[in-house]
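> The sequence isn't on hand, but the structure is:
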């Protein structure tokens, strides 16, 4: 494509619209405001036209009022997950220890820490690229990011002490992953999307171990789908948690909340 400049947004909009970007005007504004040179803008447009998520193209995502770094190959935080953060904040304003499990970019942990004003913060993910990205996003809050499989990644000293445990687990059923938008299935790690046959494999593992890590009165927050919500609630209850479902119709978000007695 010809060289672009910040005073020719129309050509950027046209290129993005021709590639099927529904919000071409908004995306063009973000690209042109982020790019430092016309050549960099052109390269960003090329990557977006090739199908990369916009957040990977510009290198960040807006999440719960924060600008979160999102590097290529890392799960992009969804706006609906802001509802999970809001639910955690509503219950845990006095929280002193927060864990962001399956953290991806660390967006959830960063948002909780920013709102709570200085809790001890830990994040964990099995994907090395996610851990590197999360480490950057939570550093300003004194957070520590750990690589490993769920709770095995965490320091054992956290057992029985966690006030807020946010686990944005993968919950897409395996046979539905191929139906996701290309931006997700082609550019985000499968481990962050595939939740097993019914989408609840990781949720079950988290619910089974969470009571041993939660402080008395501490709560676990997991995002799921409307179709999976009843089974997720039952899983929480069978593992000894007092469970309830919170729903945002606006964001089409479903968060299962389990509290340790």
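Everything's here; your move. The structure presented is a predicted model; accordingly, all values stated were derived computationally and were not measured.
> Return the list of helices and strands in contact with the strand or helix carrying residue 247.
Element membership of residue 247, judged by DSSP states H and E, is strand 242-248. Contact analysis of strand 242-248 by 3 or more Cβ pairs under 8 Å, 6 or more residues apart in numbering; DSSP states H and E lists helix 82-91, helix 229-238, strand 253-259 as its packing neighbours. C-beta here means a position set from N, CA and C on the backbone, and glycine is covered the same way.
> can you put the ones you listed in CSV and add mean neighbour count and distance to residue 51?
Listed next are the helices and strands packed on strand 242-248 as CSV, based on neighbours: other Cβ atoms under 10 Å; distance: least, Cβ to Cβ, whole Å:
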stretch, mean neighbour count, distance to residue 51
helix 82-91, 21, 25
helix 229-238, 18, 32
strand 253-259, 23, 26
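> For residue 13, which of the ones you listed is the nearest?
helix 82-91 (27.4 Å; Cβ to Cβ).
> could you give the mean pLDDT of that closest one?
Summarised as a single mean, pLDDT over helix 82-91 is 97.
> Can you name every helix or strand that that helix contacts?
helix 107-116, strand 162-167, strand 214-224, strand 242-248, strand 253-259.
> can you pull the buried residues of the fourth one?
Along strand 242-248, the positions that meet the burial threshold by neighbour count (16 or more other Cβ atoms under 10 Å) are 243, 246.
> could you check the angle helix 82-91 makes with that strand?
Strand 242-248 runs at 130 degrees relative to helix 82-91, counting by axes from the mean of the first three to the mean of the last three Cα atoms, to 10 degrees.
> which outside residues touch strand 242-248?
80, 83, 87, 226, 229, 233, 236-237, 253-261 (Cβ atoms under 8 Å, 6 or more residues apart in numbering).
> and what of the first one?
Contacts of helix 107-116 from elsewhere in the structure, counted by Cβ under 8 Å, 6+ apart, are 61, 63-66, 68, 77, 81-82, 84-85, 88-89, 92-93, 95, 98-100, 103, 119, 121-123, 134, 137-138, 140-141, 143, 164, 166, 168.
> what's the closest non-adjacent residue to residue 91?
The spatially closest residue to residue 91, leaving aside those adjacent along the chain, is residue 219, at 5.5 Å (Cβ to Cβ, 6 or more residues apart in numbering).
> check contacts around the residue nearest to the spatial centre of the chain.
Here the mean C-alpha position of the chain is nearest to the C-alpha of residue 77 (Cα atoms, centre = their mean), at a distance of 3.7 Å. For residue 77, the contact set (Cβ under 8 Å, 6+ apart) comprises 61, 63, 68, 70, 104, 105, 107, 108.
> quick one: contacts for the residue nearest to residue 174 when sequence neighbours are not counted?
Leaving out its chain neighbours, the residue that sits closest to residue 174 by Cβ to Cβ, 6+ apart is residue 194, at 5.5 Å. Counting by Cβ under 8 Å, 6+ apart, residue 194 makes contact with 170, 172, 174, 177.
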